[in-house]
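Student: Predicted model and sequence follow; I will ask about them next.
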Amino acid sequence: MAEIIASLHDAGKKFFFHRVLKNINLEVKKGEILGLIGPSGSGKTTCIRCMLGMEDLTEGEAFVLNEQMPKRKVLDRTGYMGQETALYGTLTAYENMVFFGQLKNLSKETLQTEIDKNLKLVDLYEYRNKVVTQFSGGMKRRLSLAITLLGSPEFIVLDEPTVGIDPKLRLSVWNQLSALADEGKGLIVTTHVMSEAEKCDRVALLVDGEILAVGTPEDLMREFKAASIEEVFINMEVET
């Protein structure tokens, strides 16, 4: 049985009197990509932020790399890419990579290798000396992804990572994510692109703060009598 990299146990979250997550039980295993899909406002972002300890749970527990969250030291072994870019606009792409790489305590030699590798992955290497304020929205997303992957984190959390990225580069990114899973990393990815969900090893369906089903894309297609994950998504919304 694959090792569990991260998990939520009986997790619940309230914002004031509004319940956002209800009795969430979810695991991310070593060597897999877990896709988290659901309608807008279903709680996907809150779910992954609670798993990382970035949001306090109202109920239940979160664990990452065998540590109960929040635990600051664990964050050096994780990579997180949120929906909002957190970049320094007056710095170049390269300077942003150096800054965030130093926060991860990467050696100078390792950092240089990681910067070159990841900038090439997201097709930004030739723009490495360009100031970020001159980047398009899609370029900023790609740079954020490159920063997230610095240091080969063991647990990688990506909140809609390919928004604004063209189809050809999106395929390249997903090939790299699959390669990371093959190396034994654990990844959880939220997405609204159903063809991306089909690339995941398992998919969790989140609706109104509750997990309705978890399984391989093939299992979910059988369960919901669907020919694709997009049809699963549509059938799920009809049933709820």
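Tutor: Here it is on my side, so go on.

Student: List the contacts of residue 81.
Tutor: For residue 81, the residues meeting the contact criterion (CB atoms under 8 Å, 6 or more residues apart in numbering) are 144, 145, 147, 148, 157, 158, 159, 161. Yep, even glycine has a C-beta here, placed from its N, CA and C like the rest.

Student: pull the longest helix from this structure.
Tutor: Secondary structure of the chain per DSSP state H: the longest helix is helix 167-182.

Student: Quick one: residues in contact with it.
Tutor: With CB under 8 Å, 6+ apart as the criterion, helix 167-182 contacts 31-33, 121-123, 142, 145, 149, 152, 156, 158, 161-162, 165, 187, 189, 193, 196, 199, 201.

Student: Tell me which residue lies nearest the centroid of the chain.
Tutor: residue 158 (1.7 Å; CA atoms, centre = their mean).

Student: by contact count, what packs against whichever strand or helix holds it?
Tutor: Element membership for residue 158 (DSSP states H and E) is strand 155-159. Taking 3 or more CB pairs under 8 Å, 6 or more residues apart in numbering; DSSP states H and E as contact, the helices and strands that strand 155-159 lies on are helix 44-51, strand 78-81, helix 137-148, helix 167-182, strand 186-190.

Student: Give me the buried stretch members for the first one, please.
Tutor: Judged by neighbour count using 16 or more other CB atoms under 10 Å, the buried positions of helix 44-51 are 44, 45, 46, 47, 48, 49, 50, 51.

Student: Name the surrounding residues that touch that helix.
Tutor: Under CB under 8 Å, 6+ apart, the answer for helix 44-51 is 6-8, 11, 13, 20-21, 24, 26, 28, 36-38, 55-57, 62, 64, 69, 82-83, 157, 159, 188, 190, 206.

Student: Now, the residues you listed that are in strands?
Tutor: 6-8, 11, 13, 20-21, 24, 26, 28, 36-37, 62, 64, 157, 159, 188, 190, 206 (DSSP state E).

Student: Filter those down to the buried ones, ChimeraX style.
Tutor: The ChimeraX selection below is limited to those of the ones in strands among the contacts of helix 44-51 classed as buried (16+ other CB under 10 Å):
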select :6,7,8,11,13,20,21,24,26,28,36,37,62,64,157,159,188,190,206
